[in-house]
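Peer 1: what follows is a predicted structure for the sequence shown.
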Amino acid sequence: MSKLSDLRKSYERAELDENAIAAEPLTQFRHWLDEALKAEIPEPNAMTLATVGADGRPSTRIVLIKEIDAQGLVWYTNYDSRKGRDLAAHPFAALQFHWVELERVVRIEGRVEKVSLDMSDAYFKSRPLDSRLGAWASPQSQVIGSRAVLVANAAKAAAQHGLNPERPPHWGGFRLVPDRWEFWQGRRSRLHDRMCYRLDKGVWVKERLAP
C-alpha cells in the first residue's frame, strides 16, 4: 500500500484569472456548477456544511444543494437534527464544494436563515413518497436502538399519512446568505489560483489570495 506521505497529484486542467471571472460571485458559481453538471460529475450538488454548536464545537456533514436564488443557496433537512440545533444557536455556516475531476473547490461563508413555509412545502411535495415518509420516520441525529426502529417508524408513517403526507413541522429549508466566496483552481507546483469575493458595504470586492 502506498504511503500517504508519498501521494502526489499535479493540477493542470485549468486556470483562474481575475480578469476573466464574473463580477458577481453567484454568476461565477453558476458557471462552474454548469460545467460540473456537463462533466457528469457524481453528485455535483453535494457540499460540506460546517456549523458550530452551542458548546463551541464545530461539526461537518455532506448535504445537497437543492435551489439557488438571488439571496443564496438552499438545502433541506430536519430542524431538530444536530445541524439544525447548531444553526439555531449560531446562525452562521460555511459550505464547500469539491469537484475533484475539475480540480476545483468553492468555499462559501455567511449567515443562515430558514426559508419560507411555502417554499419548504413546495419542495417537500416534489420529493419521492419514500423520502417524504422518511422525514416523519427518522428522528435525525438521535440515538436509536437498531435499524428496526426506523423500519417500524416508516411503516407507522405510511399507515398514518398514506400517499400524500404533509411536511413535518420539524422539517424544512435553510438558506445560506453569502458574504464571502472563494474559488480555488488547482495549478502546477502547488501555485494554485485562489480568488476571493468579500462583501463590503453591499459591494462585492474581488481579491487574489496566496495559495
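Peer 2: Happy to help now that I have it.
Peer 1: every contact and neighbour count from this point should use C-alpha atoms.
Peer 2: Will do.
Peer 1: what secondary structure does Gln140 sit in?
Peer 2: Under DSSP: H, G, I helix; E, B strand; the rest coil, the three-state class of Gln140 is coil.
Peer 1: now it. Nearest residue, chain neighbours left out?
Peer 2: Distances taken as Cα to Cα, 6 or more residues apart in numbering place Ser81 nearest to Gln140, at 5.1 Å, with adjacent residues excluded.
Peer 1: contacts only, for that neighbour.
Peer 2: For Ser81, the contact set (Cα atoms under 8 Å, 6 or more residues apart in numbering) comprises Pro139, Gln140, Ser141, Gln142.
Peer 1: repeat the analysis, applying 10 Å as the threshold.
Peer 2: By Cα atoms under 10 Å, 6 or more residues apart in numbering, Ser81 lies in contact with Leu87, Ser138, Pro139, Gln140, Ser141, Gln142, His170, Trp171.
Peer 1: check Trp171 too.
Peer 2: 76-81, 84, 117, 120-121, 124, 135-136.
Peer 1: pull out the buried residues from those.
Peer 2: By neighbour count, with 16 or more other Cα atoms under 10 Å, these hold Tyr76, Thr77, Asn78, Tyr79, Asp80, Ser81, Gly84, Ser120, Asp121, Phe124, Ala135, Trp136 as buried.
Peer 1: so of the residues you listed, which ones are in helices?
Peer 2: Gly84, Ser120, Asp121, Phe124, Ala135, Trp136 (DSSP state H).
Peer 1: out of the buried ones among the contacts of Trp171, flag the one nearest to Leu191.
Peer 2: Tyr76 (36.4 Å; Cα to Cα).
Peer 1: can you give me the neighbour number for Phe183?
Peer 2: 23 (other Cα atoms under 10 Å).
Peer 1: what of Ala36?
Peer 2: Neighbours around Ala36, by other Cα under 10 Å: 20.
Peer 1: Leu133 now?
Peer 2: 27.
Peer 1: likewise Arg8?
Peer 2: Counted with other Cα under 10 Å, Arg8 comes out at 7.
Peer 1: check the spacing between it and Asn19 real quick.
Peer 2: Counting by Cα to Cα, to the nearest Å, the separation of Arg8 from Asn19 is 30 Å.
Peer 1: ok but Phe97 is inside a helix, no?
Peer 2: No. Read with three-state DSSP, Phe97 is strand and lies in no helix.
Peer 1: before we move on, back to that, same list, the contacts of Ser81, but as CSV with pLDDT and distance to Thr51 please.
Peer 2: Formatted as CSV, these follow (pLDDT from 0 to 100; distance: Cα to Cα, whole Å):
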residue, pLDDT, distance to Thr51
Leu87, 98, 7
Ser138, 92, 21
Pro139, 89, 19
Gln140, 90, 16
Ser141, 87, 14
Gln142, 88, 18
His170, 96, 19
Trp171, 97, 18
